[in-house]
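A.B. asks: pasting the sequence and the predicted coordinates here, then a few questions.
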Amino acid sequence: QVQLVESGGDSVQAGGSLRLSCEASGGTYVNYCMGWFRQAPGKERERVATVSPGGTQTNYADSVKGRFTISRDNAKNTLYLQMDSLKPEDTAMYYCAAGPLSSGVCNLAYWGQGTQVTVS
């Protein structure tokens, strides 16, 4: 059973930066695609960014392109999200997710508990 633990959330001023981390344990991390998602109060959960198992392919939501960078360190079983030029609309609970890649589809079966990001 894969376990994901996020950290790094905080309260920052607009224009600031944060780096979120997601440490994985209990599974074959290197074979999993992974992603960051977020959910603001009263809104649906949205995809922020995803990364392939090898880390070579990334995909971003239009709202964060050019500001956020997803990366992974397979040796450390850790996923990162570098967030720069933060805006108040980035305020949300951020979740890490992971799962196997099958026929080109990332099946995100495992989720963390989330870490809160607040931008004022």
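C.D. replies: Cool, the structure landed.
A.B. asks: how about the secondary structure of the residue nearest the centre of the chain?
C.D. replies: The centre of the chain sits closest to W36, judged by CA atoms, centre = their mean, with a distance of 2.2 Å. With DSSP: H, G, I helix; E, B strand; the rest coil as the basis, W36 sits in strand.
A.B. asks: if I look at the spatially closest residue to Q39 that is not a sequence neighbour, how far off is A61?
C.D. replies: Taking CB to CB, 6 or more residues apart in numbering as the measure, Q39 lies nearest to R45, with 4.2 Å between them; neighbours along the chain are not counted. All C-beta spots, glycine's among them, are computed from the backbone N, C-alpha and C. Computed as CB to CB, to the nearest Å, the R45 to A61 distance reads 12 Å.
A.B. asks: centre of the chain versus the helix or strand of the chain with the lowest mean pLDDT, how much separation?
C.D. replies: The element with the least model confidence among the helices and strands of the chain, by mean pLDDT, DSSP states H and E, is strand 105-106, at a mean of 87. Centroid separation between strand 105-106 and its chain, computed with CA atoms, centre = their mean, to the nearest Å, is 16 Å.
A.B. asks: stretch 109-120 too?
C.D. replies: Here the centre of mass of C-alpha atoms in stretch 109-120, compared against the chain's by CA atoms, centre = their mean, lies 8 Å away.
A.B. asks: could you give the average pLDDT over it?
C.D. replies: Confidence over stretch 109-120, taken as the mean pLDDT, stands at 97.
A.B. asks: try stretch 49-58
C.D. replies: Here stretch 49-58 scores 93 as its mean pLDDT.
A.B. asks: buried residues in that stretch, which are they?
C.D. replies: Buried positions in stretch 49-58, judged by neighbour count with 16 or more other CB atoms under 10 Å: 49-51, 53.
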